[in-house]
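S.K.: Provide a 3D model corresponding to the input given below.
(one chain, ligands or ions: 1)
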Amino acid sequence: MKIIKSKDYDQMSRKAANIISAQVIMKPDCVLGLATGSSPIGTYRQLIDWYNKGDVDFSECYSVNLDEYVGLDITSDQSYVYFMRHNFFDAINIREDHTFIPNGKNTDVAAECERYDNQIASLGGIDLQLLGLGRNGHIGFNEPDQVFTKGTHCVDLAESTIEANKRFFASADDVPRQAFTMGICDIIQAKKVVMVVSGEDKADAVQKAFFGPVTPEVPASILQLHPDFTLVADEAALKKVL
Ligand code: F6R
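M.R.: Below is the predicted model:
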């Protein structure tokens, strides 16, 4: 595990964007595993800036997103499809048919999970997976549990996740209670994993995930075992450990 300490959110975002753009330059048809939430927005902004300057080209890239809420239409401005288009895809030259996100409207849960895992496999797996970190240690929507779930599955969101994500909705009642998420195997089979974490409210999660035991009670802790995992975090998020 490598830890890259940054002064603040902007510096964290630039460093993470540097790693991603190096990946795209080295392998133009790479498969990027992408995340939503507040943590990667600055990274996406920096990549858009470099794309606009002609420094990075996404025309041959593929992307697979970690997760999607169950029940939201892709036109909903809370859906992760909308988030990705709005914060990244619409501003770069990635082909729409190269971008993949679980279909939150598929009521056949087992079929959707199988379809998504097959999709990832048919792309040859993930070259670089970008992650954020939940305050309860979740990655994707793999919530604290007694076991690690391997493949894509449908989860009941933890109360703490609903609470944390209500800021994106009109109220906590509007936050969907379930989501599709890639499983732990999907994530750790990525050749390279980069996590962006910022802010004091993540300091406990960073300590538990990367300086404590590997346990499904703190899903991100599994990344301690990944051969190419880089944590890019700001000083506030690292304050309990470095
Ligand atoms: C989102 C995702 C989540 C977030 C996590 C942190 O696709 O996979 O695991 O990365 O909830 O969210 P933020 O960045 O909003 O603090």
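S.K.: hmm, the lowest-mean-pLDDT helix or strand in the chain touching the ligand?
M.R.: Ranked by mean pLDDT, DSSP states H and E, the weakest helix or strand in the chain is helix 159-165, scoring a mean of 91. No. On the criterion Cβ under 6 Å from any ligand atom, helix 159-165 is out of touch with the ligand, staying 6.5 Å away. Just so you know, the C-beta spots here come from the backbone N, C-alpha and C atoms, and that holds for glycine as well.
S.K.: what's stretch 106-121 in contact with?
M.R.: 31, 64, 100, 102-103, 126, 151-154, 180, 182-183, 186 (Cβ atoms under 8 Å, 6 or more residues apart in numbering).
S.K.: quickly check those for the two that are furthest apart.
M.R.: Farthest pair in the contacts of stretch 106-121 (Cβ to Cβ) is V31 and C154. Separation: 22.9 Å.
S.K.: which residues touch G183?
M.R.: By Cβ under 8 Å, 6+ apart, G183 lies in contact with 117, 140, 142, 148-153.
S.K.: repeat that for 7 Å
M.R.: Counting by Cβ atoms under 7 Å, 6 or more residues apart in numbering, G183 touches 142, 149-153.
S.K.: whichever of those residues end up buried, select them in ChimeraX.
M.R.: Selecting only the buried entries of these in ChimeraX, with 16 or more other Cβ atoms under 10 Å as the criterion:
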select :142,149,152,153
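S.K.: so which bits of the chain are right by the ligand?
M.R.: So the chain meets the ligand at 35-39, 66-67, 132-134, 138-140 (Cβ under 6 Å from any ligand atom).
S.K.: V81: which of these is nearest?
M.R.: Nearest to V81 among those: T36, at 9.7 Å, using Cβ to Cβ.
S.K.: I figured that closest one hits R85, correct?
M.R.: No. T36 lies out of contact with R85 (Cβ atoms under 7 Å); the separation is 11.2 Å.
S.K.: out of the two, which sits in the more crowded spot?
M.R.: Each of T36 and R85 has its neighbours counted (other Cβ atoms under 10 Å); T36 has more, 25 against 16.
S.K.: measure that one to F211 for me?
M.R.: 26 Å (Cβ to Cβ, to the nearest Å).
S.K.: go ahead and confirm F88 touches Y44.
M.R.: Yes. Assessed by Cβ under 7 Å, F88 is found in contact with Y44 at 4.2 Å.
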